[in-house]
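Asker: just coords:
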């Protein structure tokens, strides 16, 4: 394997979408609904529209490629981001932070092999109970997980067994204020 400089992202196909770091703003602008960082309760990343998610509420773009957003029919505050391939930005800092109503997030279609930082990734998402890391959640290039789960006080359990830590140098406060 070729060593990649920090922050470098390679796009191998025309179907690749980079998840935008400003997705919260793009979502509230793109959707005609009241989906905001304070109302979203569930997030899924999928290759195809999941069962029970029939209403398309908008589209956000990442690296010029579309990521469709669907709403659950049973719970209007649960959303699914759908694209053939979704790559994480090199830094996931604050990407899912301050989602005050979020309880679950599932990374089924989320390629993270180029990320280098998960600093504050879920910080202040205090109602989150379940985080499911899919097969594509690769942390082999991550050097900092500083405060990644800071104040995730409702998190009951977390399977970190597939997360690689070979290059990890900073885990300061990774679970600070996680009382469960």
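Answerer: Right, received. Where do you want to start? As the structure is a computational prediction, the values presented were derived from the model and not from experiment.
Asker: any idea which element residue 27 lies in?
Answerer: helix 23-30 (DSSP states H and E).
Asker: what is the mean pLDDT for that helix?
Answerer: The pLDDT scores in helix 23-30 average 85.
Asker: mind listing what's buried in that helix?
Answerer: For helix 23-30, the neighbour count (16 or more other Cβ atoms under 10 Å) marks 23, 24, 26, 27, 30 as buried. Just so you know, the C-beta spots here come from the backbone N, C-alpha and C atoms, and that holds for glycine as well.
Asker: can you tell me, leaving aside adjacent residues, what's nearest to the first one?
Answerer: Right, the one you point to is residue 23. Nearest residue to residue 23 in three dimensions, chain neighbours excluded: residue 60, at 5.9 Å (Cβ to Cβ, 6 or more residues apart in numbering).
Asker: the second one too?
Answerer: Nearest residue to residue 24, sequence neighbours excluded (Cβ to Cβ, 6+ apart): residue 37, at 4.8 Å.
Asker: remind me which residues of this protein are low pLDDT?
Answerer: 1-15, 31-33 (pLDDT under 70).
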